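# I would like the atomic coordinates for the input below:
(chains A, B and C)
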Amino acid sequence: MSGRSLSLYAVLYLTFIYAPILLLPVFSFNDNIFVTFPLKGFTTDWYAEMVANVPLGKALRSSLLIVGPVALISTGLGLMAALALGRSPIRFKAAILGLLMVPLVVPTLVLGVSLLTLLRGVLGVQLSLATVAAGHVLLCLPYSVVILLARLDGFDRSLEEASLDLGQSAFATFRRITLPLMMPAIVASLLLCSVVSFDEFLLAFFLSGADATLPLYIWGSLRFPAKLPSTLALGTCLLVFSICIVVLAEWVRRRGAPGSTAATGL
Amino acid sequence: MIGLWHRSPALRGWALIAPTLIILMVMLVIPLGMLVAQSFWTQSGLTINRTPGLQNYALLLAPEGAIYRTLLVKSLWISFASAMVVLLFAFPVAYFIAFHVKRSRLTWILLVTVPFWISYLLRIFSWKIVLGFGGALNSGLITMSLIDAPIEALMYNQAAVILTLAHSWSAFAVLPIYVSLQKINPQVLEAAFDLGDSALQRLRRVILPLAMPGLLAAFLLVFVPTMGDYITPSLVGGTDGVMVGNAIATLFGKQNDAPLGAALAVATMAAVAALVGLILVAARASGLWRSRS
Amino acid sequence: MNTNRMNRRQLLARASALGLVSVGAGGLLRPAQAQGTGLTVMDWTGYEVPELFQPYIEKHGAAPDITIFSDLEEAWQKIAGGFRPDIMHADHWQIPARRDTGMFEPWDTSRLSNFADLMPDLVNLPTLQHEGKQYGIPADWGINSICYRTDLITVEEESWNTLWDPAFSGKIAQTGQMDNMVGSAALALGIENPFVNDPEIMKAIEAKMTEQRALLRFYWTDPTQLSQAMATGEVAIAFAWPSVYKELKAQGVPVKYMRPKEGVMGWAQGMLLMKDRDGDTQKAYDFMDAWIAASTGRWLIENYGYGHANVKAVDGVAPEILADLMLEDPTKTLQSSFFIRDMPQDVQTVYVAMVERIKAGG
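Numbers count the residues shown, from 1 in each chain, chains lettered A, B, ... in the order given. The predicted model follows:
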């Protein structure tokens, strides 16, 4: 595989994943509630409608509120679990791994109803965004553990052993050797857990109180064809915001010392 | 006792995994137990009869259960095909980022994730814009005079479902594969190169075995969740888009037959577990995967 | 030395474990908060807008907590799982089965100042009124019919059988909802009431629905999907909500909303009061009263294109809007349309299973 053909492929791949998404901005400015070619005319009405849509804004806020905690908690728990499964001589590893995968297999509807029964009927907890977040952590754990384990699996342990032999404390070894080695997987896990939490809506439906999350709201507004363009406008804003983050990341990297990527392990 | 704790790596391992296990026990084992128990009950109307029996499983195996078996097999196929397409698309990209991108790896990682930050339903919708009747592909082809009338076959079939799923889940494959590829020491690759291995030999002998944990992780993270996804199929699959998840959902809801739904859910989970197990065994047998754990 | 080293590592593990668990548990078990409005309503997305209960807001200063759903079945599941709204909005024909669970209590209609203005034909529906008690307060209702593109197809005679016309094969869309699917088949077959336990009727309906499947482009899951498909011409004729027709027409798409010779189809929804509730009872009645006010009804008709149970709701609405919605004479429309008056549980079970089987291709 030569570098050039790989670069070409990578660009094609980016085209594949971006092309459909980039049609959303096009139609968010199109003066037609029907998303179809040919385009009619330019308008910014849908953006005004989006801003005026109070429930939509609240739903976006709810989703953004839980994404961070869910990603951090899932990745934190996942890192501990992965270290235990990949580094400690504990028994029943296969069984534990199997159990960890179960949230992905149980139909979300079933999981939602039974978690609701557990929270309301047994524990008597009031439904809120916190209960949605708890459900999402459960759903994110498999992603986090699997990615972190994939990084750990087959990793050369000699560096860690050398560090311990040199009298470094276990904590220092973890911080200086293991953590940097794991960093790409930690970043990957944070990113994927965010995506999972931001997209999920069946569990969110069962576990939420009066605060609907974004996908929950978008799903429900499909009953109103006229609301579609303002939803596309929101998608466009999210896209622009995400691209800004990428640009910012690249800018920070370029401004920083040449070795800054090495520091994050990426 | 304290000394044993300090000297025992196993005990430390248990301590590390304990929080996760507690969460799983409380949030998963109890619901799962309820599900299994339910699958042995019966329901008529809104009344549930809790006398345990195997009638639901018997029905799934009986001629009347043929529709559920068909749906299960079809869903396994769609998910498997989507997962394979995703792996095929994702591997070269992950390889590129791991070995050919020198400094801006984080940027690349973010780049492949950004399309997935705009909410799942909008992503599905964007595919409808591409493949739809008045969509980008059809309009483009008509403008270029390659076709006279829109091609209807682009949407509402299994291929549309597989394509949409493959797109939706691509980041879930690129990242795990990248993460496991990136730990490969480039010197190992160079050594293989120096030994005169061809590109294909290097892939087979060095890269694939080292990337295997990532490939398997990616497969799991795409195949298993798509088995339960019934929204995508119902939005882009048309009348052919019904998957086993739809059947389970309607059994629990509209059809007021939660016990049969539970039995179908248990059967689906067993089928997924069996297929995943089979693939892990095959990976081991092929010699490409030598897991340490 | 060795012990000390392990100690620190293990201490770290324990500390981080504890920290994470407490963060998780803290989030989980945080006591009830933000539930201070004293009333929780469960309703479809789109019904959370303040215009639908303005008098309530004027009296209490704030909207109640509204939990939205997009699928009524999922909403029932959420209630079965232990979620307790004070008021719940539902399709009227689904109410008897839920009423029989004992979960809901009848309304004291004397506490609703607008109750006397509600259409008697709706108030007296056996699904809403049982043994002289008003379990469901009629709220919104409307009609459904067939919408078609006048430029793409020619319809000789406006009839429900056009949805079965092989000439339109591949250009037809049907709803995926059981009550409407069975209803259209019954109208096409000339069966007055399909919702009875009669194996022959059921067999005829099943054959009719199976016959239709082969002609369909899709069963639509949401009105957005349908209106998009009709705008592009992918679908030329379909079972459609009036709102779909309204929007297509507003955008200049050449469409017609049928008045089939067999009659249009009617629908209605009612509001239920939860027996075991945490909310404030007076607030529940205020909310309900605000919902059935004539001013609310007018807003609903003008903005959503639904009918409203209050007879005075049509006052002041532009005649062309009313004509499009066939609401010029609401009572007459209601009485002449195909309307589910009651659906026994066993009949419902048979039809739901039948519809799912047909949709899945069996």
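
# Enumerate the helices of the stretch 151-266 of chain A by residue range, in sequence order.
A:158-165, A:170-173, A:179-199, A:202-207, A:214-221, A:228-255, A:260-264 (DSSP state H, counting those that start in this stretch).

# out of those helices, nearest to C:Asp280?
helix A:202-207 (24.7 Å; CB to CB). No exception for glycine: its C-beta is placed from N, CA and C like everyone else's.

# circling back to that earlier point, any chance of the helices of the stretch 151-266 of chain A in JSON lines, with distance to C:Asp108, mean pLDDT and mean neighbour count too?
What follows is the helices of the stretch 151-266 of chain A, written out as JSON lines (distance: least, CB to CB, whole Å; pLDDT from 0 to 100; neighbours: other CB atoms under 10 Å in any protein chain shown):
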{"stretch": "helix A:158-165", "distance to C:Asp108": "72", "mean pLDDT": "79", "mean neighbour count": "14"}
{"stretch": "helix A:170-173", "distance to C:Asp108": "67", "mean pLDDT": "80", "mean neighbour count": "18"}
{"stretch": "helix A:179-199", "distance to C:Asp108": "44", "mean pLDDT": "92", "mean neighbour count": "23"}
{"stretch": "helix A:202-207", "distance to C:Asp108": "32", "mean pLDDT": "93", "mean neighbour count": "26"}
{"stretch": "helix A:214-221", "distance to C:Asp108": "31", "mean pLDDT": "88", "mean neighbour count": "26"}
{"stretch": "helix A:228-255", "distance to C:Asp108": "41", "mean pLDDT": "88", "mean neighbour count": "18"}
{"stretch": "helix A:260-264", "distance to C:Asp108": "66", "mean pLDDT": "44", "mean neighbour count": "14"}
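
# average pLDDT across stretch B:146-159?
The predicted model assigns stretch B:146-159 a mean pLDDT of 83.

# residues in contact with that stretch?
Stretch B:146-159 is contacted by residues B:78, B:128, B:131-135, B:137-138, B:141-142, B:160, B:236-241, C:170, C:217-218, C:232, C:234 when judged by CB atoms under 8 Å, 6 or more residues apart in numbering or on different chains.

# Also stretch B:80-90?
A:13, A:16, B:161-163, B:165-166, B:169-170, B:172-174, B:177, B:215, B:218-219, B:222-223, B:226, B:275.

# Send over that stretch as PDB, restricted to the C-alpha atoms.
The C-alpha coordinates for stretch B:80-90 follow below in PDB (Å, rounded to 0.1, in the frame of the first residue of the first chain):
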ATOM      1  CA  PHE B  80     -23.400  -8.800   9.300                       C
ATOM      2  CA  ALA B  81     -23.200  -7.400   5.800                       C
ATOM      3  CA  SER B  82     -23.200  -3.800   7.200                       C
ATOM      4  CA  ALA B  83     -20.400  -4.700   9.700                       C
ATOM      5  CA  MET B  84     -18.300  -6.200   6.900                       C
ATOM      6  CA  VAL B  85     -18.800  -3.200   4.600                       C
ATOM      7  CA  VAL B  86     -17.900  -0.900   7.500                       C
ATOM      8  CA  LEU B  87     -14.700  -2.900   8.300                       C
ATOM      9  CA  LEU B  88     -13.700  -2.900   4.600                       C
ATOM     10  CA  PHE B  89     -14.200   0.800   4.200                       C
ATOM     11  CA  ALA B  90     -12.600   1.700   7.600                       C
END
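
# May I have the secondary structure class of B:Gly196?
What DSSP: H, G, I helix; E, B strand; the rest coil gives for B:Gly196 is coil.

# What distance do you get for it to chain C?
Distance, B:Gly196 to chain C, by CB to the nearest CB, to the nearest Å: 45 Å.

# What of B:Ala66?
Counting by CB to the nearest CB, the gap from B:Ala66 to chain C is 7 Å.

# What is the neighbour count of that residue?
Using other CB atoms under 10 Å in any protein chain shown, B:Ala66 has 12 other residues around it.

# Can you give me the distance of C:Val41 to chain B?
21 Å.

# residue closest to the middle of the chain?
Just so you know, I chose chain A. Closest to where the C-alpha atoms of chain A average out (CA atoms, centre = their mean) is A:Ser194, at 2.0 Å.

# that answer is for a different chain, and I need it for chain C
Nearest to the mean C-alpha position of chain C, by CA atoms, centre = their mean, lies C:Asp91 at 5.5 Å.
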